[in-house]
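Colleague: Need the 3D shape of this:
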Amino acid sequence: MNEKIDYNGLPKHSKPIWRSGLNIPTFEPYNDGEEFDAVIVGAGITGISTAYFLTQAGMKVALLEANKIINGTTGHTTAKVTAQHDLIYDELIQHFGLEKTKIFYHSTKNAMDFIRKYTNDNQIECNYETQDATIYTTSDDYVRNLENELKAYEKLGIDSFGAVKTLLPFDTKYSITMRDQAQFHPLKYLIHLLKASIENGLKIYEETVVIDVETGNCPVVVTQSGRKIKCKHVVSASHFPFYDGNQMFFTKLHADRSYALAAKVKTAYPGGMYISAENPKRSLRSFKYNNEELVLIGGESHKTGVETRTMSFYENLKLFGEETFGIEDVKFRWSAQDLITLDKMPYIGRLSSSSKHQNIYVATGFRKWGMTTGTVSAQLISNLILGKEAVDADVFTPSRFQADPSIKHFLMQNIDVAKHLIEGKLEPVSRKIEELYNDEGSVVTLDGKRVGAYKDVNGKVHCVDTTCTHLGCEVEWNNGEKSWDCPCHGSRFSIYGEVLEGPADQPLKQVFVQ
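Modeller: Below you'll find the predicted structure:
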């Protein structure tokens, strides 16, 4: 049942802490006929880091962003720079073997080493701090999982230890810790990388939506405005790949949303970075903001589009913070969207083994660990473009299909999509526009048709067709972010129908109320 939103002491608007108070440069849309060695689509950590490596090598590079730079998933991270990607290494060893898992770990460690070295060498003031990273459990059911994960750490040579207690102010059953991981301010770091790349000739274009690639020896990037850009290499760093090339990524990826608060607390934070082994996830780290220490509380992950009352997830995080540390004030709240592959290994590298895709590259499916994986992607893709050795190319290749567990997850995921497609079309709708409160959205009936309606704070109504422009599923209202989200493949749209997240590249149709 829909009801008026109670913000319950939380900020009214969703806004990540990282953009607050920063002077972020802006750029014009692409509007000329210039050609490039490489065109990179997506200006988050993957795109910016790739641009840095390629411009350092003397290549002529264009970086295109559909909206504003560093404002997508990168701008909504919790910014842990760690190889501890939840409970993953024991599972990877079972499915991929020890040697490939070692490559995964060492690629991640190399990415961490680059971030640390670049930050130190350039004396960047980006709040970079070395911290231990801990996975803990409060449930007896997860102790064995953590013990197995610690054994995997030992096989991989990871500096780590297990313990029953942590420094957190509540009892735990067991925990495992990776030593010498890190945390930082991602945007301050990336702005420095951008400036260095611009000095080396990088061209940046915002508000430039890319919708296709004309393949060939010199591929052509096609923008929504109709302008085309010739180049030698194309990199899709756009979170969800903007170009599919018949790889059907929408069948091999699913989208999750998770939530975060930045809060001033009463009890001093003990230091370190933490994440729970069990669900609902609880992620913790500290951050100094305007000379006061805040605690970043994250978690509450769910599949995109299947929940409408998303404010409740923020409330759950606030309750956890109050019980753990005592909360004086919640300064910021925000959410992020992450893509997860069938086998939990990211897709990074050449789009496919086809000759027509040899100069098209993709990076996606980071499974919530974008700071390190985005940097891994940039190192791997730039090595491939520059003809350097890339020992991790086979491990991350987007064209792989791991029999176990890929087949099982492929079937489950696409059965779920079919279920949402059918249920969305058949879902009865009885609510009417006049029943909406101000600042409320809902699927309503208008002239006998299913319509998405949002009534803003001034009482003005904004309506859209609820049929997703990707593959025709029905979008649902997200009350925490004030967006229309698709439960099938994770596309998201604004109250005006504009695309916020792919794979959709066309807006929802606006419906005008008489």
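Colleague: Run through the strands of the stretch 51-200 of the chain in chain order.
Modeller: Using DSSP state E, counting those that start in this stretch, the strands of the stretch 51-200 of the chain run over 61-64, 80-81, 129-137, 160-163, 174-183.
Colleague: can you check the stretch 351-500 of the chain too?
Modeller: Going by DSSP E, counting those that start in this stretch, the stretch 351-500 of the chain shows strands at 360-364, 440-446, 449-455, 461-465, 476-478, 483-485, 492-493, 499-501.
Colleague: Listing partners with orientation, what would you give for the last one?
Modeller: Based on DSSP bridges, the strands next to strand 499-501 in the sheet, each with its direction, are strand 492-493 (antiparallel).
Colleague: residues in contact with the strand it pairs with?
Modeller: 304, 337, 464, 475, 478, 481, 483-486, 499-501, 504, 507-508 (C-beta atoms under 8 Å, 6 or more residues apart in numbering). C-beta coordinates here come from the backbone N, C-alpha and C atoms, glycine included.
Colleague: how about 6 Å then?
Modeller: Residues from elsewhere that reach strand 492-493 (C-beta atoms under 6 Å, 6 or more residues apart in numbering): 483-485, 500-501, 508.
Colleague: Could I get those in TSV, plus columns for distance to residue 386 and neighbour count?
Modeller: Output for those, formatted as TSV (distance: C-beta to C-beta, whole Å; neighbours: other C-beta atoms under 10 Å):
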residue	distance to residue 386	neighbour count
483	39	23
484	41	28
485	39	26
500	34	18
501	31	23
508	41	25
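Colleague: Which residues in stretch 486-503 does the neighbour count mark as buried?
Modeller: For stretch 486-503, burial by neighbour count (16 or more other C-beta atoms under 10 Å) applies to 486-495, 497, 499-503.
Colleague: Also stretch 18-36?
Modeller: Quick answer for stretch 18-36 (16+ other C-beta under 10 Å): 18-19, 27, 30, 36.
Colleague: show me where the stretch 401-514 of the chain has helices.
Modeller: Applying DSSP state H, counting those that start in this stretch to the stretch 401-514 of the chain gives helices spanning 403-426.
Colleague: Which parts of the stretch 101-250 of the chain are helices?
Modeller: 143-156, 186-199, 249-252.
Colleague: next one: the longest strand anywhere in the chain to chain centre, how far?
Modeller: Longest strand of the chain, by residue count under DSSP state E: strand 327-341. Mean-position distance between strand 327-341 and its chain equals 11 Å (C-alpha atoms, centre = their mean, to the nearest Å).
Colleague: same check, this time on stretch 79-92
Modeller: Distance, centroid of stretch 79-92 to centroid of chain: 15 Å (C-alpha atoms, centre = their mean).
Colleague: now stretch 355-372
Modeller: Distance, centroid of stretch 355-372 to centroid of chain: 13 Å (C-alpha atoms, centre = their mean).
Colleague: looking at the protein, which helix or strand is least sure?
Modeller: helix 403-426 (a mean of 54; mean pLDDT, DSSP states H and E).
Colleague: Now do residue 253 against residue 310, distance only.
Modeller: To residue 310, residue 253 is 21 Å away according to C-beta to C-beta, to the nearest Å.
Colleague: scratch that, residue 183
Modeller: Taking C-beta to C-beta, one finds residue 183 at 26 Å from residue 310.
Colleague: Flag the shaky bits of the stretch 401-514 of the chain, pLDDT-wise.
Modeller: 402-428, 430, 514 (pLDDT under 70).
Colleague: Recalculate using a threshold of 80.
Modeller: Applying pLDDT under 80 to the stretch 401-514 of the chain flags residues 401-430, 513-514.
Colleague: Now mean pLDDT and distance to residue 261 too, for the helices of the stretch 101-250 of the chain, in TSV please.
Modeller: Below are the helices of the stretch 101-250 of the chain laid out as TSV (pLDDT from 0 to 100; distance: least, C-beta to C-beta, whole Å):
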stretch	mean pLDDT	distance to residue 261
helix 143-156	98	26
helix 186-199	97	17
helix 249-252	85	31
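Colleague: give me the number of residues near residue 477?
Modeller: By the criterion of other C-beta atoms under 10 Å, residue 477 has 24 neighbours.
Colleague: Quick one: residues in contact with stretch 351-363.
Modeller: With C-beta under 6 Å, 6+ apart, stretch 351-363 has contacts from 46, 215, 233-237, 241, 245, 348, 350, 377, 381, 398-399.
Colleague: same deal with stretch 453-460?
Modeller: 433, 436, 438-441, 444, 461-463, 495.
Colleague: same thing but 10 Å
Modeller: Residues from elsewhere that reach stretch 453-460, judged by C-beta atoms under 10 Å, 6 or more residues apart in numbering: 12, 431-446, 461-464, 466, 477, 479, 482-484, 494-496, 511, 513.
Colleague: Any buried residues in that stretch, and which?
Modeller: 453-455.
Colleague: Distance to residue 126 added to those, as CSV?
Modeller: Output for these, formatted as CSV (distance: C-beta to C-beta, whole Å):
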residue, distance to residue 126
453, 42
454, 37
455, 41
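Colleague: Which of these sits closest to residue 276?
Modeller: Nearest to residue 276 among the buried residues of stretch 453-460: residue 454, at 34.2 Å, using C-beta to C-beta.
Colleague: about what we covered before: give me the buried subset of the contacts of stretch 351-363.
Modeller: Buried among the contacts of stretch 351-363 by 16+ other C-beta under 10 Å: 46, 215, 233-237, 241, 245, 348, 350, 377, 381, 398.
Colleague: Which ones among those map onto strands?
Modeller: 233-236, 348, 350.
Colleague: which one of those residues sits closest to residue 300?
Modeller: residue 348 (27.6 Å).
Colleague: Show the contacting residues for the closest one.
Modeller: 46, 107, 361-366, 373-374, 376-381, 384, 390, 392-393, 395-398 are the contacts of residue 348 under C-beta under 10 Å, 6+ apart.
Colleague: Who is it paired with across the strands?
Modeller: Applying DSSP bridges to residue 348, the residues it is bridged with are residue 363.
Colleague: And for residue 154, nearest residue in space, chain neighbours not counted?
Modeller: Excluding the flanking residues, the one nearest residue 154 by C-beta to C-beta, 6 or more residues apart in numbering is residue 160, at 7.6 Å.
Colleague: Quick check: beta-bridge partners of the one you found?
Modeller: residue 178.
Colleague: gap between it and residue 175?
Modeller: Taking C-beta to C-beta, one finds residue 160 at 11 Å from residue 175.
Colleague: related to what we said a few turns ago, does the residue nearest to residue 154 touch residue 105 like I think?
Modeller: No: counting by C-beta atoms under 10 Å, residue 160 stays clear of residue 105, with 11.6 Å between them.
Colleague: starting at the chain centroid, how far to stretch 107-124?
Modeller: That offset, for stretch 107-124, works out to 21 Å (C-alpha atoms, centre = their mean).
Colleague: Just the buried residues of that stretch, please?
Modeller: 107-109, 111-112, 114-116, 118-119, 124.
Colleague: Render the CA-only coordinates of it in CSV, please.
Modeller: Extracted C-alpha coordinates of stretch 107-124, given in CSV (Å, rounded to 0.1, in the frame of the first residue of the first chain):
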residue,chain,number,x,y,z
SER,A,107,45.5,-8.0,-10.6
THR,A,108,43.5,-6.5,-7.8
LYS,A,109,46.6,-6.0,-5.7
ASN,A,110,48.4,-4.3,-8.6
ALA,A,111,45.4,-1.9,-8.9
MET,A,112,45.6,-1.1,-5.2
ASP,A,113,49.4,-0.6,-5.5
PHE,A,114,48.9,1.8,-8.4
ILE,A,115,46.3,3.9,-6.5
ARG,A,116,48.6,4.1,-3.5
LYS,A,117,51.7,4.9,-5.4
TYR,A,118,50.0,7.5,-7.6
THR,A,119,48.4,9.2,-4.6
ASN,A,120,51.7,9.3,-2.7
ASP,A,121,53.9,10.3,-5.6
ASN,A,122,51.6,13.2,-6.5
GLN,A,123,50.8,14.1,-2.8
ILE,A,124,47.1,14.1,-3.6
